[in-house]
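**Student:** generate coordinates for the sequence data below:
(chains A, B, C and D)
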There are 2 protein chains.
Amino acid sequence: MVTPVRRANNRNDRLLDEAARLFAAQGYRETTMRDIAAAAGMLPGSIYYHHPSKTELLVAVYEKGVEGLCQRFDAAVAGVADPWERLGKALDVHLETVLDQSDYARVMVRVLPEHLPGSAQELARLRDGYEDRIAGLIDALPLNGGIDPKMLRFLILGAANWAQTWYRPGMTSPAEVARQFLLIVQRPMEGSVG
Amino acid sequence: MVTPVRRANNRNDRLLDEAARLFAAQGYRETTMRDIAAAAGMLPGSIYYHHPSKTELLVAVYEKGVEGLCQRFDAAVAGVADPWERLGKALDVHLETVLDQSDYARVMVRVLPEHLPGSAQELARLRDGYEDRIAGLIDALPLNGGIDPKMLRFLILGAANWAQTWYRPGMTSPAEVARQFLLIVQRPMEGSVG
DNA sequence: TAAAAAAACAAACATCTGTTTGGTTAAAAA
DNA sequence: TTTTTAACCAAACAGATGTTTGTTTTTTTA
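**Tutor:** Numbering: from 1, shown residues only, chains lettered A, B, ... in the order given. Next comes the predicted model:
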């Protein structure tokens, strides 16, 4: 197995960028290989030199999305000890990234694994790399009896992901949305910030 | 304009049922007119006797979805005075309907107006018939200063709609999910239930 | 500078898609 | 019983879609 030597003017990065942008803006099914090729300045068939199928192209976009989001997450919560403060940082990163900064992250939210039966498992496995981080973060919260951590996670992540459907640039900033969401779910209880 | 006389063996109801089921399970783009026709026991072209286009078929499904959800909502909150209790009832109806009981309601959550540029306005207008009810309900809540009612609405509806992506029959019941969600966002404050 | 191979082109192929058209059946109206 | 027409069938059409194939260009390596 010889790894091909990547040339200086390789346009795979550009290709992935445009694919992410279109998948995020229009959806996977609504975006054609011709759309992507045109946006990347190449012919439809040329995409297949870099990716064996449309599905695999999506997987590649997904991988970059998870990788980027995880990196931002890790950087944001690094050195923060208080569980609620960690959740606040995570919410902030999640919303800013998904709403404002990364087409790749947007694809993760818009195109769900279960929408591509053939690759659902692979996509879900990639997602878990990020969602496990959120789960661990919420499990560390000191919760009142009666609140199921899993339900709290579903509520927060659900609200955050759904934000993509109503958020438009120029509205309340993603950071402010994150602050509000945290304010609503965080209630004073023993063990949390005084 | 003569309204055609609807015959006893009209299969439009069956057609709508199957369309709703398939749109909810696979998505709009992923469902073909042939899929729907086969499920309804007719030929693809026959659909066009009942609906002028695939888009209009979706609109018809959407209409039934909004109508059903609104009816359930109205029945659930009727006679309930306390704002938080009203929200609880609404959450219960929303989750049970969307997760368990109505393919039509499922379509409303899975197929978003902005995903069909041509009919986005019409679909959004239909949705508003329901979402305005939720908005009114939340605006009636006595909230602590600092919490934006709009953000609370986005959080609750977002979490509730997103539930479709993780909920599977046999899990925690929709009613229990509703109870947990309410528990998390409802905090003791002046004006609410003692 | 010549050989090797990465990267893209040009053009098609097979299939699927929403939709149309003209003919047929069967239920209701006369 | 005859007539009307709601409801559907049968078959195709035109365009879009993911993908393949053979060839050419262009960069790197020897």
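**Student:** pLDDT below threshold where in chain A?
**Tutor:** A:1-2, A:188-194 (pLDDT under 70).
**Student:** close to DNA strand C: what parts of it are there?
**Tutor:** A:2, A:4-7, A:9-12, A:41-46, A:49-50 (Cβ under 7 Å from any atom of the strand). (Each C-beta comes from the backbone N, C-alpha and C, glycine too.)
**Student:** DNA strand D next: which of these are close?
**Tutor:** A:V5, A:R7, A:N9, A:P44, A:G45.
**Student:** from these, which are also near chain B?
**Tutor:** For chain B, no contacts are drawn from those by Cβ under 8 Å from any Cβ of the partner chain.
**Student:** ranking by neighbours, what's the top pick from these?
**Tutor:** Neighbour tally across these (other Cβ atoms under 10 Å in any protein chain shown): the maximum, 13 neighbours, falls on A:P44.
**Student:** that residue reaches A:M33, doesn't it?
**Tutor:** Yes - if you go by Cβ atoms under 8 Å, A:P44 and A:M33 touch, sitting 5.0 Å apart.
**Student:** packing partners of the strand or helix carrying A:G158?
**Tutor:** Element membership for A:G158, per DSSP states H and E: helix A:149-166. When contacts are defined as 3 or more Cβ pairs under 8 Å, 6 or more residues apart in numbering or on different chains; DSSP states H and E, helix A:149-166 packs onto helix A:83-96, helix A:103-110, helix A:120-139, helix A:174-185, helix B:149-166, helix B:174-185.
**Student:** could I get the buried residue list for stretch A:168-180?
**Tutor:** Buried residues in stretch A:168-180, defined by neighbour count with 16 or more other Cβ atoms under 10 Å in any protein chain shown: A:P174, A:V177, A:A178, A:R179, A:Q180.
**Student:** number of residues surrounding the closest residue to the last one other than its chain neighbours?
**Tutor:** So the one you mean is A:Q180. Nearest residue to A:Q180, sequence neighbours excluded (Cβ to Cβ, 6 or more residues apart in numbering or on different chains): B:M151, at 4.0 Å. Neighbourhood size, B:M151 [other Cβ under 10 Å]: 20.
**Student:** tell me who's in contact with B:M151.
**Tutor:** A:T172, A:V177, A:Q180, A:F181, A:I184 (Cβ atoms under 8 Å, 6 or more residues apart in numbering or on different chains).
**Student:** roughly how far does the last one sit from B:G68?
**Tutor:** Here A:I184 is placed at a distance of 29 Å from B:G68 (Cβ to Cβ, to the nearest Å).
**Student:** so the two - more neighbours on which side?
**Tutor:** Comparing A:I184 with B:G68 by other Cβ under 10 Å, the one with more neighbours is A:I184, at 24 against 17.
**Student:** just checking, the more buried one touches B:F181?
**Tutor:** No - with contact defined as Cβ under 8 Å, A:I184 does not count as touching B:F181 (11.2 Å).
**Student:** quick check: chain neighbours aside, which residue is closest to A:N161?
**Tutor:** A:N161's closest residue in space is A:V109 (Cβ to Cβ, 6+ apart), at 4.8 Å.
**Student:** for A:Y167, phi and psi?
**Tutor:** Per-residue torsions, A:Y167: phi -70, psi 140 (degrees, to the nearest 10).
**Student:** quick one: residues contacting it.
**Tutor:** A:L99, A:P174, A:V177.
**Student:** also A:M108?
**Tutor:** So A:M108 contacts A:Y62, A:G65, A:V66, A:L69, A:V98, A:R127, A:Y130 (Cβ under 8 Å, 6+ apart).
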